[in-house]
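Novice: From the sequence below, what's the structure:
(chains A and B)
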Amino acid sequence: MNPTLVVAFLRLRLTSPLRLGLLLLLTLFPLGAAVITTSLSPLGGLGAPIALILAAGAIGQDVSSGTLQLLLVRPVSRPSVIVNRWLASVLAAAGLTIAVLILGTIGLLLKGTHPDALDLGRMVLESTCGAAGSAAVMIMLSTLVGGLGDVALLLLAMIMTQMVEGLATFEHWGWVVRASEEAKDALLPQLSFEWMLHHTPPSWFAIVSWASTLTLALAVAIARLNRRELSYAAG
Amino acid sequence: MPAIEVENLVKSYTRGMGGMGGRVTALAGVSLSFEPGETVGIIGPNGAGKTTLLGCLLGFLRPDSGRLAIEGRAVDDLEIRAATGYLPERLVLDRWMSGMAFMHYHHALLKLPERARHDDCQALLDRVGLDREAADRRVGRYSRGMLQRLALAQALLGKPRFLYLDEPISGVDPAGIVTFREILSGLSASGATVIINSHQLSEVERVCHRVVFVKQGKVEAMETTHAGASHSRVLRVRLSALQAPPTAERLSTLAAGAGATFRGWSAPDARFAVADDAGATALLAALIGAGIAVVEASPEEGRLERLFTGAQSAPPVGDPA
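Specialist: Predicted coordinates for the structure are as follows:
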């Protein structure tokens, strides 16, 4: 881990009014809902969207603006830029999720409701894993297109898979439905920790599937950035 | 061993969607070497391949073929990068940071000692003429000249042994240009290899030891400049108008006796080719010793302009860089 890269990336993200506004919207509404309904459920799964907001344009924006060149003149390898920006997104998303969960818990305690500690732990783990998976996919997309094109690419891919799934369900194409579901899981890799509450063994298939999707996304991102030509002479 | 070696470097780009626009050759077998302590200017018309050459040297671009080595290592070797400074032409610095925070950031990326961070950065900002108020200001609010100074300051962090400057004085005021010259002079004395990509020919001629003229992706010519004191050059000697002008034969004989070559005579200036600084001194001593009243002597300037103008009249090439 390169703390300089992590801190600089987070400072850049948290000084963007647009991103801050989106983060506030994303966290305040569920927080209010949690307090009103005296349940932490609305706060579940916050990690993935927070990570998406933070990781959007992680590479593409710097390539488009040209700031990546000045960074790569320094003794910093291209893979380390990918890994540290991914790490920064995950750490920030996990930290924000924990902060929101703490605020939600305080709100619930003030209303006389005691949240289940195990459930809180599950939510933290699920949010962190969701953030790790989503940030990896977003950063991979960010190496493919310039600016914030990764957001458009992700939305397009999600709409396409949704449409294909709908059509396949209507036409009873079982394998296409299954493929669409897998594609959706690959776009936003999540990992469920429900088994903690039911005292059942975890699904190793789900863990391996999540970990392999994340690893593949980061590997593609590294390979793509390693091959990318950065001079404006390259057009 | 040369500091930087470039051997038969070839680089081309595909154009259009899916390469349907064909391939354009930006560098067609460039071979160069740069010595430690040498300041070299790369000049040429737009699209000649200068930016591509710099991009390859900095590891931003992958050559199609050929060899690039910096102190015998790959251009993207992290130890080489730690000794590299770069001033980009497009000053897209991190605009959300203050000037000082930007310097701190690059100091940290270079893994330089943290305890010296603020002092190192402050010293360099002072050196390029950015005051405390400017250092605390957001980079996004800098003028073009201030951005240029900040970019130069960050390029000098860590006392680089290899410095690449892309249009380094574009937008800089005269005081800044003087500072730039002083900094370059110091770098050269410290043994740093400096490569300057610039269209400011008079400045290149003034600060560089050698100039590489690139055209259509090839090294068209290499010129030594008067900044390269150890290299041969043409000396323009102005003679007093109060004295009857000497004959060309006499000047030729005197020059030959001092190891120089008489190049021509256009009253009141005579032109001589000398081998180096010592040759220039010997020539002037011979002229004065022979009773010829010398009122001024200066290296002949404007060769680069002539070289450049000749190139500009050549047919344009569809080159991207």
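Novice: how about the longest helix along chain A, does it reach chain B?
Specialist: Counting residues, the longest helix found in chain A (DSSP state H) is helix A:78-110. No: shown here: helix A:78-110 not in contact with chain B (C-beta under 8 Å from any C-beta of the partner chain), separated by at least 8.6 Å. All C-beta atoms are positioned from the backbone trio N, CA, C, and that covers glycine.
Novice: Mind giving me the packing neighbours of that helix?
Specialist: Judged by 3 or more C-beta pairs under 8 Å, 6 or more residues apart in numbering or on different chains; DSSP states H and E, the packing partners of helix A:78-110 are helix A:3-14, helix A:17-37, helix A:47-55, helix A:67-73, helix A:117-144, helix A:204-227.
Novice: CA-only coordinates of the fourth one in PDB, if you can.
Specialist: In PDB, the C-alpha atoms belonging to helix A:67-73 read as follows (Å, rounded to 0.1, in the frame of the first residue of the first chain):
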ATOM      1  CA  THR A  67      -2.400  14.200 -14.800                       C
ATOM      2  CA  LEU A  68      -1.600  10.500 -14.900                       C
ATOM      3  CA  GLN A  69       1.600  11.300 -16.900                       C
ATOM      4  CA  LEU A  70       3.000  13.400 -14.200                       C
ATOM      5  CA  LEU A  71       2.200  10.700 -11.600                       C
ATOM      6  CA  LEU A  72       3.800   8.000 -13.700                       C
ATOM      7  CA  VAL A  73       7.100   9.900 -14.100                       C
END
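Novice: Need the per-residue pLDDT for the residue of the stretch 51-200 of chain B found nearest chain A.
Specialist: Residue of the stretch 51-200 of chain B nearest chain A, by C-beta to the nearest C-beta: B:Gly55 (3.3 Å). With respect to pLDDT, B:Gly55 scores 92.
Novice: right, so the helices and strands packed on helix A:78-110: which one is the most enclosed?
Specialist: helix A:47-55 (a mean of 27; mean count of other C-beta atoms under 10 Å in any protein chain shown).
Novice: how about whatever helix or strand comes next after it, does it reach chain B?
Specialist: Counting by DSSP states H and E, the next helix or strand C-terminal to helix A:47-55 is helix A:60-65. Yes: using C-beta under 8 Å from any C-beta, we find that helix A:60-65 touches chain B at A:Ser65.
Novice: Please name the residues that touch A:Leu144.
Specialist: By C-beta atoms under 8 Å, 6 or more residues apart in numbering or on different chains, the residues touching A:Leu144 are A:Gly60, A:Asp150, A:Leu153, A:Arg224.
Novice: what's the pLDDT at it?
Specialist: pLDDT at A:Leu144 comes out at 93.
Novice: now do A:Ser64
Specialist: At A:Ser64, the model reports a pLDDT of 88.
Novice: ok, it - contacts?
Specialist: Applying C-beta under 8 Å, 6+ apart to A:Ser64 gives the contacts A:Gly146, A:Gly147.
Novice: excluding its backbone neighbours, what's nearest B:Gly264?
Specialist: Nearest residue to B:Gly264, sequence neighbours excluded (C-beta to C-beta, 6 or more residues apart in numbering or on different chains): B:Arg271, at 4.9 Å.
Novice: same deal with A:Val124?
Specialist: A:Val124 sits nearest to A:Ile98 (C-beta to C-beta, 6+ apart), 6.0 Å away.
Novice: quick one: the one you found from chain B, how far?
Specialist: Noted for A:Ile98: a distance of 26 Å to chain B, by C-beta to the nearest C-beta, to the nearest Å.
Novice: That residue: neighbouring residues, count only.
Specialist: 17 (other C-beta atoms under 10 Å in any protein chain shown).
Novice: Over to B:Leu242?
Specialist: B:Leu242 has 7 nearby residues by other C-beta under 10 Å.
Novice: did I read that right, it in a strand?
Specialist: No: assigned with DSSP: H, G, I helix; E, B strand; the rest coil, B:Leu242 falls outside any strand and is coil.
Novice: How confident was the prediction at it?
Specialist: pLDDT, B:Leu242: 82.
Novice: what's the answer for the one 5 residues further on, then?
Specialist: Here the pLDDT value assigned to B:Thr247 is 87.
Novice: buried set for the longest helix of chain A?
Specialist: Buried residues in helix A:78-110, counting neighbours by 16 or more other C-beta atoms under 10 Å in any protein chain shown, are found at A:78, A:80-94, A:96-98, A:100-101, A:103-105, A:107-108.
Novice: check contacts around B:Ala241.
Specialist: Each residue near B:Ala241 by C-beta under 8 Å, 6+ apart is listed here: B:Pro268.
Novice: Got the phi and psi for it?
Specialist: B:Ala241 adopts backbone torsions of phi -80, psi -10, taken as degrees, to the nearest 10.
Novice: Now the residue of the stretch 51-200 of chain B closest to chain A: which helix or strand?
Specialist: Per DSSP H and E, B:Gly55 falls inside helix B:50-57.
Novice: Model confidence for the residue of chain A found nearest chain B, exactly?
Specialist: Closest residue of chain A to chain B, C-beta to the nearest C-beta: A:Ser231 (3.3 Å). Looking at A:Ser231, its pLDDT is 72.
Novice: Equivalent analysis for A:Ala234, please.
Specialist: We have a pLDDT of 58 for A:Ala234.
Novice: about what we covered before: most neighbours out of the contacts of A:Leu144, which is it?
Specialist: Neighbour counts for the contacts of A:Leu144 peak at A:Asp150, which has 26 neighbours (criterion: other C-beta under 10 Å).
Novice: Low-confidence ranges, the stretch 151-300 of chain B, go.
Specialist: Applying pLDDT under 70 to the stretch 151-300 of chain B flags residues B:225-232.
Novice: Please list the residues of it that sit near chain A.
Specialist: Counting by C-beta under 8 Å from any C-beta, the stretch 151-300 of chain B sits next to chain A at B:Gln154.
Novice: Which residue ranges of the stretch 1-150 of chain B form helices?
Specialist: B:50-57, B:78-82, B:99-109, B:117-128, B:132-136, B:144-155 (DSSP state H, counting those that start in this stretch).
Novice: Identify all contacting residues around the first one.
Specialist: So that's helix B:50-57. With C-beta under 8 Å, 6+ apart as the contact definition, helix B:50-57 has outside contacts at A:229-234, B:4, B:6, B:9, B:11, B:26-27, B:30, B:42-44, B:61-63, B:68, B:70, B:75, B:89, B:164, B:166, B:195, B:197, B:214, B:217, B:320-321.
Novice: Report the distance from it to the chain centre.
Specialist: Helix B:50-57 sits 14 Å away from the centroid of its parent chain (C-alpha atoms, centre = their mean, to the nearest Å).
Novice: burial of the residue lying closest to A:Cys129 once chain neighbours are set aside, as a residue count?
Specialist: Excluding the flanking residues, the one nearest A:Cys129 by C-beta to C-beta, 6+ apart is A:Leu191, at 3.9 Å. Using other C-beta under 10 Å, A:Leu191 is surrounded by 20 other residues.
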